[in-house]
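>>> Pasting the sequence and the predicted model now:
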Amino acid sequence: MGTLYYGASASPIHIEDRALAHLKVVIISKLRRDESFAVSWRHPEDQPAGRSTIWVHPAIPVRFEFDEPVAPELNREWLEELAQSANALGGITLVEEHIISPDEA
């Protein structure tokens, strides 16, 4: 389980390593362009039910911490889906990765 730290005194946000690796690419891409946006996610099953949203701004510190020492191979389709949602009114919505089987390709 990875951790996203946002803001100087914010509580850690726990996100599965693979999802956090994809989210990191999209967040950094947006911040490089000096863009602000929202990121929303559903709470993990081990936490009380619900969902959260943060407003990401280039002036606010962000840190990504991963449990796995090796970065996963990234899924281009998932990155594109997250990037498209980043440009929508509601901002990035962290959705499940869609794995396409060889039969579907």
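Done, it's in. Numbers count the residues shown, from 1 in each chain.
>>> Please tell me how far Asp28 sits from Pro44.
Small correction: residue 28 is Ile, not Asp. Using C-beta to C-beta, to the nearest Å, Ile28 is found at 23 Å from Pro44. No exception for glycine: its C-beta is placed from N, CA and C like everyone else's.
>>> nope, Ile92 is what I was after
17 Å.
>>> contact partners of stretch 16-31?
Stretch 16-31 has contacts (C-beta atoms under 8 Å, 6 or more residues apart in numbering) with 1-4, 15, 37, 39, 44, 56, 58, 62, 64, 66-68, 71-72, 74-75, 78-79, 82-83, 86, 92, 94, 97.
>>> Show me how far it is from its chain's centre.
5 Å (C-alpha atoms, centre = their mean, to the nearest Å).
>>> which of Ile92 and Pro44 has more neighbours?
Between Ile92 and Pro44, counted using other C-beta atoms under 10 Å, the more crowded position is Ile92 (25 against 11).
>>> so that one makes contact with Leu82?
Yes. Ile92 is within contact range of Leu82, at 5.8 Å (criterion: C-beta atoms under 8 Å).
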